[in-house]
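Chemist: got a sequence here, can you build the structure:
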Amino acid sequence: MKDTADFDSLLPAARMDRRGFVATLGATGFALAVQPVMAQSVITTPAEGLDQGNASVPSGGDTLPVYYARPAAKSGLPVVLVVQEIFGVHEHIRDVCRRLAHLGYLAIAPELYFRQGDPSALGSVGEILSGIVSKVPDAQVMADLDACAAWAGGQGGDPARLGITGFCWGGRVTWLYAAHNPGLKAGVAWYGRIDGAPGELTPRHPIDVADALNAPVLGLYGGQDQGIPLDDVEMMREALKKAGSTSEIVVYPDAPHAFHADYRPSYRKTEAEDGWQRLTAWFTRHLG
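Modeler: Residues are numbered from 1 along each chain as shown. Predicted coordinates:
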């Protein structure tokens, strides 16, 4: 991986009118709601040596769009499902897939909101939450991830070595999927919400499934996260311990929410790199 200069053109964005800024931001492949993009810290991972691109996966009578990346001309690869933030599968999530592919994985990032709308076209977090995220059923997400896991078997992946990682909204999904899929071998949840009021579409949260995980999950959290109380993180840690789980939770005391998101002001290089090293070690241990 290397830092890129390709995003230098975004630096004067603050001096543009909104129309010019949106056009520039959209061209980079980032969601409109994630502004400003911090060009100086954005990481880009080359596609050389990889098979990567967009594909369609049958799921529940629909056609699920996905982005995938894998080492070229390889088979029998361990599989990692990559679950988006609320912003959808934009350039950061695609880059994470390429990072994993260079490590020897078939990485698959499904567009889990595709039935409800396109978050990349909305200009604020509030619009995404109310217009799209609030309408996405957990059961639908679990089924789509299962469809991706099944599809991987025909794409050079080894379904017996299945992992998952997710960020923010996807971090919560990672915990839930570990309780859903008995074939899962490992998960890494980045700052995923742990508790909340149950709803019709979201009946359970990670704290509710701490004693039902089929695979060990590594949870990575920020001590300065304003949306996930440390009390919740400690409650999850205790619940995992009580359940006899081999899952682990790491808290970075000075990190905010979304500390891995290198395109956002919340990015913390030291904590992000440490978390990534922990992810690679975790998947090496559990997926081979």
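
Chemist: list the residues that contact the nearest residue to Leu279 once chain neighbours are set aside.
Modeler: Leaving aside its sequence neighbours, Leu279 sits nearest to Val188 (Cβ to Cβ, 6 or more residues apart in numbering; 4.7 Å). Every C-beta, even on glycine, is put in place using the N, C-alpha and C of the backbone. By Cβ atoms under 8 Å, 6 or more residues apart in numbering, the contact set of Val188 is 163-165, 174, 217-220, 278-279, 282-283.

Chemist: which residues of this structure fall in strands?
Modeler: Taking DSSP state E as the criterion, the chain carries its strands at 2-3, 43-44, 50-59, 62-71, 77-83, 106-110, 157-167, 184-190, 217-222, 248-252.

Chemist: can you map out the helices along the stretch 1-150 of the chain?
Modeler: For the stretch 1-150 of the chain, the helices defined by DSSP state H, counting those that start in this stretch cover 18-27, 91-102, 125-131, 138-152.

Chemist: for the protein, name the helix or strand with the lowest mean pLDDT.
Modeler: helix 18-27 (a mean of 32; mean pLDDT, DSSP states H and E).

Chemist: so what's the residue nearest to Leu279 bridging to?
Modeler: Thr165, Leu218 (DSSP bridges).

Chemist: ok so, going back, could I get the strands of the chain as a markdown table with mean pLDDT and distance to Phe30?
Modeler: Formatted as a markdown table, the strands of the chain follow (pLDDT from 0 to 100; distance: least, Cβ to Cβ, whole Å):
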| stretch | mean pLDDT | distance to Phe30 |
| --- | --- | --- |
| strand 2-3 | 34 | 16 |
| strand 43-44 | 96 | 12 |
| strand 50-59 | 98 | 17 |
| strand 62-71 | 98 | 14 |
| strand 77-83 | 98 | 16 |
| strand 106-110 | 98 | 14 |
| strand 157-167 | 97 | 14 |
| strand 184-190 | 98 | 18 |
| strand 217-222 | 98 | 21 |
| strand 248-252 | 98 | 24 |
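
Chemist: in a markdown table: the ones you listed, plus distance to His260.
Modeler: What follows is the strands of the chain, written out as a markdown table (distance: least, Cβ to Cβ, whole Å):
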| stretch | distance to His260 |
| --- | --- |
| strand 2-3 | 15 |
| strand 43-44 | 10 |
| strand 50-59 | 20 |
| strand 62-71 | 18 |
| strand 77-83 | 12 |
| strand 106-110 | 15 |
| strand 157-167 | 6 |
| strand 184-190 | 6 |
| strand 217-222 | 8 |
| strand 248-252 | 10 |
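
Chemist: select only the buried ones of the contacts of Val188 in ChimeraX?
Modeler: Of those, the buried ones go into a single ChimeraX selection, burial set by 16 or more other Cβ atoms under 10 Å:
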select :163,164,165,174,217,218,219,220,279,282,283
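
Chemist: okay if I get the contacts of Val188 as CSV plus distance to Ala149?
Modeler: Formatted as CSV, the contacts of Val188 follow (distance: Cβ to Cβ, whole Å):
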residue, distance to Ala149
Gly163, 10
Ile164, 9
Thr165, 14
Thr174, 14
Val217, 16
Leu218, 19
Gly219, 21
Leu220, 23
Arg278, 23
Leu279, 19
Trp282, 18
Phe283, 15
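
Chemist: closest to Gly153 among the contacts of Val188?
Modeler: Gly163 (14.6 Å; Cβ to Cβ).

Chemist: and the helices in the stretch 151-288 of the chain?
Modeler: Under DSSP H, counting those that start in this stretch, the stretch 151-288 of the chain gives helices at 169-180, 230-243, 269-287.

Chemist: among those, which is nearest Asp144?
Modeler: Closest among those, once you apply Cβ to Cβ, is helix 169-180, at 10.2 Å.

Chemist: who are the packing partners of that closest one?
Modeler: strand 77-83, helix 138-152, strand 157-167, strand 184-190, strand 217-222 (3 or more Cβ pairs under 8 Å, 6 or more residues apart in numbering; DSSP states H and E).
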